[in-house]
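Engineer: only geometry, no sequence info:
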């Protein structure tokens, strides 16, 4: 059975074109102005929509194994598909952590079983993310792991990080850093700012991120290793990365939708939905992150989708775990906050993250005959209101409750199969 | 919420001199009833009754030279039976700087209406001691009693509508009809 | 007023109303029988997740003098130790028919969280280093009473000590500032919050310098754990610079008053026995605590609610 997308504007290497798309056996087999569907073809109406390469999230916490009450690989995959994603990089801070081949295999297998997106496991830089000894980077790399991180925390010891970068240089992998000098953020609840000082809660200073960004830029210079900066959140970090890229260093960086849109002031409500790590920052930081994304300093938008059960998020603010949902709202938040055309969007949501994750042989490819059919069909102008009860994620901790967003996913095609049709998950 | 609207300007039912004469007469009656008022103390109810108690004390001193009747004030807001049903008038403070045990307490207020303020006052007085007896003096008795309470000394009985507002001051008594 | 959670939420008008009302309550407390029936039939629960005998007793005394029923929930004997969540605890107690919770918790913001889970009123008796609004009401009342002032315009208040971790400081800065006083914070920079320049205060790092120009000297308790956290090198050094010694006390103007929210750390921030200070208000602060908390309970439980907007009847 073929899939035929009709009425769409397709983003091709030649730009936006009014084209229909025919998909067969997981590949795009025809792109033309008018495709006459066969009776048995599955039709996807895409009038007014763009066909884009399926989105790739560099930063998803799927919680399985270990915290299946907040998310599973299946529910997270479904949320991803509904958000237009065809690949999710699964963060390694599971229990047990993704630092060995059996766990990597488990995560991949669960992803395959759900069959909604490609689940791409990341590996740990250090064993158990404990920050003391290197994980088997080479074994895992040979097993197909392309991106390594201790996300949830940064590698604190500069000597260990230097060794990781030296060791990884020849493996063709990317190290991704969660930049936080933890000695400066003990007990931190939110950005260190006049608001934290008024609320009497420990602050998370911008410096704690920028010091590690600076350290790792210098280490990249020293070792020549590729480094990716996760969820940049401060104006100072954007400046540091911009300068380093000017020097031609092999550095990439991502920003989350929430750091592009929400400020620290939301913590005045004491609602732990707004507690996230790194924390929501100031309006000036948001401005710097947006311009960093537009001028290419920041390569990708990544969700840092971090589901938590209600019970945990109802703890007092200083005890509640940080993190917020992101997969189903990312597109809407990005289009509502940063001026972007279809090509800009495809770059930061799909093409660049696929390259960073090392999966650009099958994801992040502009639609072309013969290429794998990992696509999303989005209405870039459709407005919708976020209703947490309608989210596919197992958790409800979205900070965008009740907000009206512009930009909605209509269909998602993963490996040639329609996994989302008219905004409804098909499996 | 319905805001009540005053539909007519007030009607004066007693003049300033009328009020003053009523206070004088009540002072005489208090002295007469209590055979000289040696054991009498005055307690004006916050806030409308306090100035009247002050004037009564002055008149009694004129009637019975050398007799300074102790004069205090009582705020009954904490003793009311309708707390939460009506706004609280803040800031009136009770001040009874004398012993009321065994004394004849004359409660003084401007208007006697439902009787609930007086009931609250009787209860409030208990916090200060046990008077030998309690008497009640008011300038206006406007009727509509909801409790078995009657005044001992009255300036004037004035029939009113239930919604009327009655204002007593040194300048006289004014009744304003109020419509919901 | 539905809740009392912070001085900021209360506002100037509310603060002044409560100060007036505290005076009324103080009169009740001077009566031979200091008990009125105002809150008959109301139930007040003290929900203390952090020990504080003084504040809890002060609230419970206040509630009893207004004839409210009181219940105490203390963490040591409760099911919180069996893993019950804050929400379950609040909802369960709330179901018993509670009109107000008096809440103390070591985490900032808990009173705001709790107010989403119950229709009862919430009175903040201290949340983390955030707010302790009834203490500020007590303190402002005590100053007004002692100095015979109604407005505090231009009054120079110096708050000395661990501002960073102090809910008393945060509430008092807000309250004194609302009433027109000028607040100076006196502390080593490590005991001041970040971004202090955004606060409506002056900052000084030498207690000696501010003594002569202080009308109200407010000493805060210094906890010895601040030394373990490396925020000050040594208690002795802190004490030398910021402790109230006899010599230092002599630099105060004759009219200046000294306050402390208690409990005092003798030999750390207080070297001088407050009994030896001519103008110590420390005992008055405790005594006025009951009156101020009566005012708050009455305001929340008797003045609140939509019935409030009924027109006043003539009586």
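Structural biologist: Alright, I've got the coordinates. Owing to the predicted nature of the structure, the values given are computational and were not obtained by experimental measurement. Numbering: from 1, shown residues only, chains lettered A, B, ... in the order given.

Engineer: got the residues of the stretch 251-400 of chain A near chain C?
Structural biologist: Contact residues (C-beta under 8 Å from any C-beta of the partner chain) of the stretch 251-400 of chain A with chain C: A:269, A:270, A:311, A:314, A:315, A:316, A:317, A:318, A:319. (Each C-beta comes from the backbone N, C-alpha and C, glycine too.)

Engineer: Quick check: closest non-adjacent residue to the second one.
Structural biologist: Spatially, and ignoring its direct neighbours in sequence, residue A:270 is nearest to residue C:109 (3.0 Å; C-beta to C-beta, 6 or more residues apart in numbering or on different chains).

Engineer: Share the number of residues neighbouring residue 205, please.
Structural biologist: Here I'm looking at chain A. Neighbour count for residue A:205, taken as other C-beta atoms under 10 Å in any protein chain shown: 20.

Engineer: not quite, I wanted chain C
Structural biologist: Neighbours around residue C:205, by other C-beta under 10 Å: 14.

Engineer: quick one: it and residue C:187 touch, right?
Structural biologist: Yes: if you go by C-beta atoms under 8 Å, residue C:205 and residue C:187 touch, sitting 7.4 Å apart.

Engineer: Low-confidence ranges, chain B, go.
Structural biologist: B:1-8, B:86-91, B:179-180 (pLDDT under 70).

Engineer: For it, give the residue positioned nearest to chain C.
Structural biologist: residue B:78 (3.7 Å; C-beta to the nearest C-beta).

Engineer: Need the three-state assignment for that residue.
Structural biologist: helix (DSSP: H, G, I helix; E, B strand; the rest coil).

Engineer: need the contact list for it.
Structural biologist: B:124, C:24, C:28, C:36, C:37, C:38, C:66, C:298 (C-beta atoms under 8 Å, 6 or more residues apart in numbering or on different chains).

Engineer: swap the cut-off to 6 Å and go again
Structural biologist: C:36, C:38 (C-beta atoms under 6 Å, 6 or more residues apart in numbering or on different chains).

Engineer: Could you dump the residues of the stretch 251-400 of chain A next to chain C into CSV with secondary structure, pLDDT and neighbour count added?
Structural biologist: Output for those, formatted as CSV (DSSP: H, G, I helix; E, B strand; the rest coil; pLDDT from 0 to 100; neighbours: other C-beta atoms under 10 Å in any protein chain shown):
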residue, secondary structure, pLDDT, neighbour count
A:269, helix, 95, 13
A:270, coil, 96, 25
A:311, helix, 93, 14
A:314, coil, 95, 19
A:315, coil, 94, 19
A:316, coil, 94, 21
A:317, coil, 96, 26
A:318, coil, 95, 19
A:319, coil, 94, 13
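
Engineer: and which of those residues is nearest residue C:230?
Structural biologist: residue A:318 (20.2 Å; C-beta to C-beta).

Engineer: picking that back up, what distance do you get for the residue nearest to residue A:270 to residue C:169?
Structural biologist: Per C-beta to C-beta, to the nearest Å, residue C:109 is found 17 Å from residue C:169.

Engineer: Residue B:33 too?
Structural biologist: 60 Å.

Engineer: of these two, who's got more company?
Structural biologist: residue C:169 (30 against 14).

Engineer: Isn't residue A:254 up against residue A:302?
Structural biologist: Yes: using C-beta atoms under 6 Å, residue A:254 makes contact with residue A:302 at a distance of 4.0 Å.

Engineer: Please see if stretch C:135-149 touches chain B.
Structural biologist: No: Stretch C:135-149 stays clear of chain B (C-beta under 6 Å from any C-beta of the partner chain), getting no nearer than 12.6 Å.

Engineer: what comes up buried for that stretch?
Structural biologist: By neighbour count on 16 or more other C-beta atoms under 10 Å in any protein chain shown, the buried set for stretch C:135-149 is C:135-147.

Engineer: Redo these as CSV? Include distance to chain A.
Structural biologist: Converted to CSV, the buried residues of stretch C:135-149 look like this (distance: C-beta to the nearest C-beta, whole Å):
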residue, distance to chain A
C:135, 14
C:136, 14
C:137, 18
C:138, 19
C:139, 18
C:140, 19
C:141, 23
C:142, 23
C:143, 23
C:144, 25
C:145, 28
C:146, 28
C:147, 28
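
Engineer: Secondary structure added to these, as a markdown table?
Structural biologist: Formatted as a markdown table, the buried residues of stretch C:135-149 follow (three-state DSSP):
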| residue | secondary structure |
| --- | --- |
| C:135 | helix |
| C:136 | helix |
| C:137 | helix |
| C:138 | helix |
| C:139 | helix |
| C:140 | helix |
| C:141 | helix |
| C:142 | helix |
| C:143 | helix |
| C:144 | helix |
| C:145 | helix |
| C:146 | helix |
| C:147 | helix |
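
Engineer: in chain C, which helix or strand is least confident?
Structural biologist: Taking mean pLDDT, DSSP states H and E as the measure, chain C has helix C:225-228 as its least confident helix or strand, at a mean of 80.

Engineer: now the helix or strand just after that helix, how far from the centre of its chain.
Structural biologist: As assigned by DSSP states H and E, the chain's next helix or strand after helix C:225-228 is helix C:235-242. How far helix C:235-242 lies from its chain's middle: 25 Å, per C-alpha atoms, centre = their mean, to the nearest Å.

Engineer: repeat for stretch C:205-225
Structural biologist: 18 Å.

Engineer: And the furthest pair within the residues of the stretch 251-400 of chain A next to chain C?
Structural biologist: Going by C-beta to C-beta, the pair spanning these furthest: A:269 and A:311, at 19.0 Å.

Engineer: counting contacts, what elements does whichever strand or helix holds residue B:156 pack onto?
Structural biologist: Element membership for residue B:156, per DSSP H and E: strand B:153-157. Under the contact criterion of 3 or more C-beta pairs under 6 Å, 6 or more residues apart in numbering or on different chains; DSSP states H and E, strand B:153-157 touches helix B:16-33, strand B:133-141.

Engineer: Now for residue A:299: which residues touch it?
Structural biologist: A:252, A:253, A:352.

Engineer: try it again with 8 Å
Structural biologist: Taking C-beta under 8 Å, 6+ apart, one finds A:252, A:253, A:254, A:348, A:352, A:353, A:356 in contact with residue A:299.

Engineer: What residues are bridge-paired with the residue nearest to the second one when sequence neighbours are not counted?
Structural biologist: In this case it means residue A:253. Closest residue to residue A:253 apart from its sequence neighbours, by C-beta to C-beta, 6+ apart: residue A:229 at 4.1 Å. Going by DSSP bridges, residue A:229 is paired in beta bridges with residue A:177, residue A:253.

Engineer: can you pull the pLDDT of residue A:229?
Structural biologist: Listed pLDDT for residue A:229 reads 98.

Engineer: Could you report the neighbour count for it?
Structural biologist: Residue A:229: 25 neighbours (other C-beta under 10 Å).

Engineer: before we move on, what about the one 4 residues further on?
Structural biologist: When neighbours are counted by other C-beta under 10 Å, residue A:233 registers 30.

Engineer: ok, now how distant is the residue of chain B closest to chain C from residue C:300?
Structural biologist: According to C-beta to C-beta, residue B:78 and residue C:300 sit 15 Å apart.

Engineer: Quick one: the helices in chain A, in order.
Structural biologist: Counting by DSSP state H, chain A has helices at residues A:73-82, A:101-114, A:137-142, A:158-168, A:194-199, A:206-223, A:235-246, A:283-294, A:310-313, A:330-337, A:342-346, A:352-357.

Engineer: Near chain B, which residues of the stretch 51-200 of chain C are found?
Structural biologist: Residues of the stretch 51-200 of chain C lying near chain B (C-beta under 8 Å from any C-beta): residue C:66.

Engineer: what's the burial count for the residue in the stretch 1-150 of chain A that chain C sits nearest to?
Structural biologist: Nearest to chain C in the stretch 1-150 of chain A, going by C-beta to the nearest C-beta, is residue A:69, at a distance of 14.3 Å. Residues contacting residue A:69 under the criterion other C-beta under 10 Å number 14.

Engineer: Repeat that for the one 4 residues further on.
Structural biologist: Each residue near residue A:73 was counted by other C-beta under 10 Å, and the total is 29.

Engineer: Much appreciated, bye for now.
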